[in-house]
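predicted model and sequence follow; I will ask about them next.
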Protein chains: 2
Amino acid sequence: MKIDGVAYRTIWVNQDGWSVHIIDQTKLPWAVDILRLTEVAHAAHGIRTMQARGAPLIGALAAYGLCLALRADASTDAMERDAALLAATRPTAVNLRWALERMLTRLRNTPTSERIAAAYAEAAAIADEDVAQNEAIGRHGVPLIEAAAARKGGGRVNVLTHCNAGWLATVDWGTALSPIYMASNAGLDVHVWVDETRPRNQGAALTAWELGKHGVPHTVVADNAGGHLMQHGEVDLAIVGADRVTRAGDVANKIGTYLKALAARDNGVPFWAAVPSSTIDWSVSDGVRDIPIEERNAAEVTDVTGRMADGSVATVRVTPLDSGAANPAFDVTPARLITGLVTERGRCEASVPGLMGLFPEQR
Amino acid sequence: MKIDGVAYRTIWVNQDGWSVHIIDQTKLPWAVDILRLTEVAHAAHGIRTMQARGAPLIGALAAYGLCLALRADASTDAMERDAALLAATRPTAVNLRWALERMLTRLRNTPTSERIAAAYAEAAAIADEDVAQNEAIGRHGVPLIEAAAARKGGGRVNVLTHCNAGWLATVDWGTALSPIYMASNAGLDVHVWVDETRPRNQGAALTAWELGKHGVPHTVVADNAGGHLMQHGEVDLAIVGADRVTRAGDVANKIGTYLKALAARDNGVPFWAAVPSSTIDWSVSDGVRDIPIEERNAAEVTDVTGRMADGSVATVRVTPLDSGAANPAFDVTPARLITGLVTERGRCEASVPGLMGLFPEQR
């Protein structure tokens, strides 16, 4: 999508043909810092510190990280070691392991001398396929917004979203925001309630920023506000992304998603998750029981980073110095609370039969 | 309760016999600033800017504010005008109007020359009764913690609370935290999950601070985390305060309370509200429909205040400069989601029959 009129992806290869660029998302919305990655350690650091985040983008970055690793040492031992290093950077995102497994499958039987070129080609394919998938998710999601408009007899459709599942979380288009961009481009009147999404504020910092840059009307609210808005008819539709989806349709997503799904159910608001199939973990059924939840640094809760009046970026402590904090980064929304899933192949019920209907090869 | 070993209330009359002291809660947890109020405008400012907050404390401060008003002009016209001024400072808190109505009832038929003394006596009675009420709420609430301990066969009881309903929100003891202080004093092993409570962070700034000063183990979490903690058995009991309760038991409290009540219901966690009877609005039944919700300044959402590494207090912007924000300050939790109410007269079901059983005079 565009930043000040210039089309960007979130990850691309430099004109030198090998080094990799990402936008440092920890600097947004205050600065658009383009990083140049030249070593696998840069890629691992980028994933671990969330310079790049969002399940699909993490997958693409891990793939390009393996390309950088192979430039240093293309041996099988080194490749397996560096893939394991990349896989260990974030425990919850299934795309990370999916992308690395795809790379390894392609490369294990490739002669060492051809591995680097093959790796870049495979990473480019992963990135391009992500863009195509997200565009398809947008197409399949637009009818949800049209249906919401029809239900209210026209007028502005208010969509609530949590965290950032926009183009910044993917290579382009986004997942949850892809239908919103498409609907907005098509002239539908869409307004987005943007959950702040503590503790990392990806809603306030990233979703609000990218919607604003694209010209989509939006309003930031505290994560606490969504239930009240739904009680008073201010939310016509909720769409979130996902970090991992089980074969039964349970959705692991940013912490707090489950609370919004409960409120949506209590108020009859449709609650959809937009998920590229790479996000689906076909080996897991019960998400609450079986999806490991990343516990991140307590400093994300105790400290908040923002912009001072003088334009500098600063971090302030918001809890007493003697008080500890806990920071589970994701929660799992049981499929029973989810109206449906939007995938690149279409929409389905959040259930084994629903997903099997779209992905019969996973039966 | 105590700050560094010294017993405090949140509001008290100076040794001069007339000026009024409060702790500036906007400075907590970084500084304990004691303010001296000498005019009704100071009291109104203190309520409006939340130097003093929490429904019971607001009522006491409004009462003392009227005392300060009468010192300037004890005429009936001035008294009614200043009471209206004080009543307009915060729209949601019913205690504010309750305390002012009680003062006016006492003072309207008092000769002008005796009004000031009568006003101070009535304000002192309001403050003392609040302390006694909260102590009674504590006594009636301790069995909830004992029952939670019994259910899990002993060991630490994890209580989740939202916002600040501690002694800082009242004249002393608190409402939701009163049972926790009493249980902790009695040697029960209690640990408190403290919701950060965006946008004003009263949990992170006030609840964590006062629990820490009293030595109660606690952990701050983002508001988004509570549902996940409940899904995994990490919450044995939730207790919140209330800004206004309907005769049917609907609870208006800090924005986000409703989301936690939904999660408690979904996970079989008892969800209690601790409410002094002054918080109950006997004239209203349907809280979602009829309780007006204060929309506060968007800057509370867009900006966060905290402590810099050098010890200074600073405010940072967390949303893009071009993005707007909405800030509904309260939500209403329907009685159907509330396990019960703890009042100064005992515990009851959150329903008309439940409340009428404890308050038969309101039939």
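Structure's in. What do you need?

any idea how far the nearest residue to A:Asn14 once chain neighbours are set aside lies from chain B?
Once flanking residues are discounted, A:Asn14 sits nearest to A:His21: 5.9 Å by C-beta to C-beta, 6 or more residues apart in numbering or on different chains. The C-beta positions use only the backbone N, C-alpha and C, and glycine is treated the same way. Distance, A:His21 to chain B, by C-beta to the nearest C-beta, to the nearest Å: 23 Å.

likewise A:Thr219?
5 Å.

let me know the next secondary structure element after the host helix or strand of that residue.
Assigned by DSSP states H and E, A:Thr219 belongs to strand A:218-221. Using DSSP H and E, the next helix or strand after strand A:218-221 towards the C-terminus is helix A:226-231.

close to chain B, is that next one?
Yes - using C-beta under 8 Å from any C-beta of the partner chain, we find that helix A:226-231 touches chain B at A:Gly226, A:Gly227, A:His228, A:Leu229, A:Gln231.

flag the shaky bits of chain A, pLDDT-wise.
In the predicted model, chain A carries pLDDT under 70 at residues A:93.

what do you get if the cut-off is 90, keeping everything else the same?
By pLDDT under 90, the low-scoring segments of chain A are A:1-7, A:54-56, A:90-95, A:154, A:243, A:278-279, A:363.

just want the most central residue of it.
The centroid of chain A falls nearest to A:Gly54 when counting by C-alpha atoms, centre = their mean (3.0 Å).

how near is the nearest residue to that residue once chain neighbours are set aside to A:His162?
Spatially, and ignoring its direct neighbours in sequence, A:Gly54 is nearest to A:Ala169 (2.4 Å; C-beta to C-beta, 6+ apart). Applying C-beta to C-beta, to the nearest Å, the value for A:Ala169 to A:His162 is 12 Å.

how about the residue of the stretch 1-150 of chain A found nearest chain B, secondary structure?
Ranked by C-beta to the nearest C-beta, the top residue of the stretch 1-150 of chain A for proximity to chain B is A:Pro29, at 4.2 Å. Using DSSP: H, G, I helix; E, B strand; the rest coil, the structure places A:Pro29 in coil.

residues in the stretch 101-250 of chain A within reach of chain B, list them.
The stretch 101-250 of chain A comes close to chain B at residues A:193-194, A:196-199, A:201, A:204-205, A:208-209, A:211-212, A:218-229, A:231-232, as judged by C-beta under 8 Å from any C-beta.

number of nearby residues for A:Ser283?
9 (other C-beta atoms under 10 Å in any protein chain shown).

buried subset of the residues of the stretch 101-250 of chain A next to chain B as a ChimeraX selection?
Filtering these down to the buried ones (16 or more other C-beta atoms under 10 Å in any protein chain shown) takes a single ChimeraX command:
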select /A:193,194,196,197,198,199,201,204,205,208,209,211,212,218,219,220,221,222,223,224,225,226,227,228,229,231
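
roughly how far out does stretch A:6-17 sit from the chain middle?
What separates the centre of stretch A:6-17 from the centre of its chain is 19 Å, taken as C-alpha atoms, centre = their mean, to the nearest Å.

could you do stretch A:204-213 as well?
For stretch A:204-213, the distance to the chain centre is 14 Å (C-alpha atoms, centre = their mean).

check stretch A:239-248 too.
Centroid separation between stretch A:239-248 and its chain, computed with C-alpha atoms, centre = their mean, is 10 Å.

start and end of that stretch, how far apart?
One end of stretch A:239-248 sits 19 Å from the other (C-alpha to C-alpha, to the nearest Å).

same question for stretch A:12-20.
First-to-last residue span, stretch A:12-20, C-alpha to C-alpha: 6 Å.

what's the answer for stretch A:38-55, then?
First-to-last residue span, stretch A:38-55, C-alpha to C-alpha: 22 Å.

next, the buried residues of that stretch.
So for stretch A:38-55, counting by 16+ other C-beta under 10 Å, buried means A:Val40, A:His42, A:Ala43, A:Ala44, A:Gly46, A:Ile47, A:Met50, A:Gln51, A:Ala52, A:Arg53, A:Gly54, A:Ala55.

and the helices in chain A, which stretches?
Under the criterion DSSP state H, chain A contains helices at A:40-48, A:55-72, A:76-87, A:94-108, A:112-151, A:178-185, A:202, A:208-214, A:226-231, A:257-267, A:287-290, A:299-302, A:352-358.

okay, those helices in CSV with distance to B:Ala127 next?
What follows is the helices of chain A, written out as CSV (distance: least, C-beta to C-beta, whole Å):
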stretch, distance to B:Ala127
helix A:40-48, 53
helix A:55-72, 54
helix A:76-87, 61
helix A:94-108, 57
helix A:112-151, 51
helix A:178-185, 52
helix A:202, 44
helix A:208-214, 44
helix A:226-231, 32
helix A:257-267, 37
helix A:287-290, 47
helix A:299-302, 34
helix A:352-358, 60
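
ok, which of these comes nearest B:Asn327?
Nearest to B:Asn327, of all the helices of chain A, is helix A:226-231, at 10.8 Å by C-beta to C-beta.

residues touching the closest one, excluding its own?
Here helix A:226-231 makes contact (C-beta atoms under 8 Å, 6 or more residues apart in numbering or on different chains) with A:158, A:160, A:162, A:193, A:195, A:221, A:235, A:238, A:259-260, A:263-264, A:266-267, A:269, B:255-256, B:258-259, B:262, B:288, B:293, B:328, B:330-332.

next, count neighbours for the closest residue to A:Val288 other than its chain neighbours.
Leaving aside its chain neighbours, A:Val288 sits nearest to A:Val332 (4.7 Å; criterion: C-beta to C-beta, 6+ apart). For A:Val332, the neighbour count with other C-beta under 10 Å is 26.

surely A:Val332 and A:Tyr258 touch.
Yes - if you go by C-beta atoms under 8 Å, A:Val332 and A:Tyr258 touch, sitting 6.7 Å apart.

tell me how far A:Gly280 lies from A:Val304.
Heads up, residue A:280 is Ile, not Gly. A:Ile280 is 34 Å from A:Val304, by C-beta to C-beta.

wait, doesn't A:Ser19 sit right on A:Arg36?
Yes - A:Ser19 is in contact with A:Arg36 according to C-beta under 8 Å; the separation is 5.3 Å.

which of the two has more neighbours?
Taking other C-beta under 10 Å, A:Ser19 and A:Arg36 do not tie; A:Ser19 has more neighbours (17 against 11).

next one: phi and psi at that one?
Reported as degrees, to the nearest 10, the phi and psi values for A:Ser19 are phi -70, psi 160.

equivalent analysis for A:Lys27, please.
phi -90, psi -20.

check contacts around it.
A:Asp33, A:Val313 are the contacts of A:Lys27 under C-beta under 8 Å, 6+ apart.

at 10 Å instead, please
A:Asp33, A:Ile34, A:Leu35, A:Gln51, A:Ala205, A:Thr305, A:Val313 (C-beta atoms under 10 Å, 6 or more residues apart in numbering or on different chains).

residue contacts, the fourth one?
A:Gln51 makes contacts with A:22-27, A:33, A:35, A:37, A:42-43, A:45, A:61, as judged by C-beta under 10 Å, 6+ apart.

for the first one, same thing?
Applying C-beta under 10 Å, 6+ apart, one finds that A:Asp33 lies in contact with A:Ile22, A:Ile23, A:Asp24, A:Gln25, A:Thr26, A:Lys27, A:Gln51.

closest to A:Leu68 among those residues?
For these, the minimum distance to A:Leu68 (C-beta to C-beta) is 12.1 Å, reached by A:Ile22.

could you measure from the closest one over to B:Ala148?
Separation of A:Ile22 from B:Ala148 (C-beta to C-beta) stands at 48 Å.
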